[in-house]
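quick one, what's the 3D model for this:
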Amino acid sequence: MFGFGKTVFKGVNKEKISDRKYIDDYNSGEAIGRVTLGKLGFYYRDLGKKYYVPYDYIDRTFTRISECQPDDSPAYFYYRLILVHGEKEFANLIFNKEPEVDLIHQRLKEINPDIQYGYIPPADGKRKYFC
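Next up is the predicted model:
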């Protein structure tokens, strides 16, 4: 009645994708943390939603490391997988372990060799923040 439990992906143009072939691809894909690498595309979960991104939409990826310094404890790090299309960062996925992010970069390069790796500073020198 309400569609609860039904798998629906949000596409890059904000469209809803519920076609069975994408659901099957997601379920049979390689899961790495909150990311699934399917044959049809890149799937990820963020804020309770599932997203689908075709591999050819991803122009560049890189890792951004965030350091958290609690008052009485040693610092700990978050590893952010950043996906870029054009010059816009469209996904910022947080991981606790760097090897997971490195594996995703490696697998993306194997799946689509056209995806570039590495951070390129904006031409105006101002980083655009998510938050």
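
what comes up buried for the biggest helix by length in the chain?
If you go by DSSP state H, the chain has its longest helix at helix 98-111. Going by neighbour count (16 or more other CB atoms under 10 Å), the buried part of helix 98-111 is Glu100, Val101, Leu103, Ile104, His105, Leu108, Ile111. (C-beta placed from N, C-alpha, C; glycine too.)

one more: stretch 88-98?
Buried positions in stretch 88-98, judged by neighbour count with 16+ other CB under 10 Å: Glu89, Phe90, Ala91, Leu93, Phe95.

with distance to Asp24 and secondary structure added, can I get those residues in TSV?
Below are these laid out as TSV (distance: CB to CB, whole Å; DSSP: H, G, I helix; E, B strand; the rest coil):
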residue	distance to Asp24	secondary structure
Glu89	30	strand
Phe90	25	strand
Ala91	23	strand
Leu93	23	strand
Phe95	26	strand
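
what's the most distant pair in those?
Largest separation among these by CB to CB: Phe90 and Phe95, giving 17.2 Å.

in the protein, which spans are strands?
9-10, 16-17, 30-32, 35-37, 42-46, 49-53, 60-68, 76-85, 88-95, 116-117 (DSSP state E).
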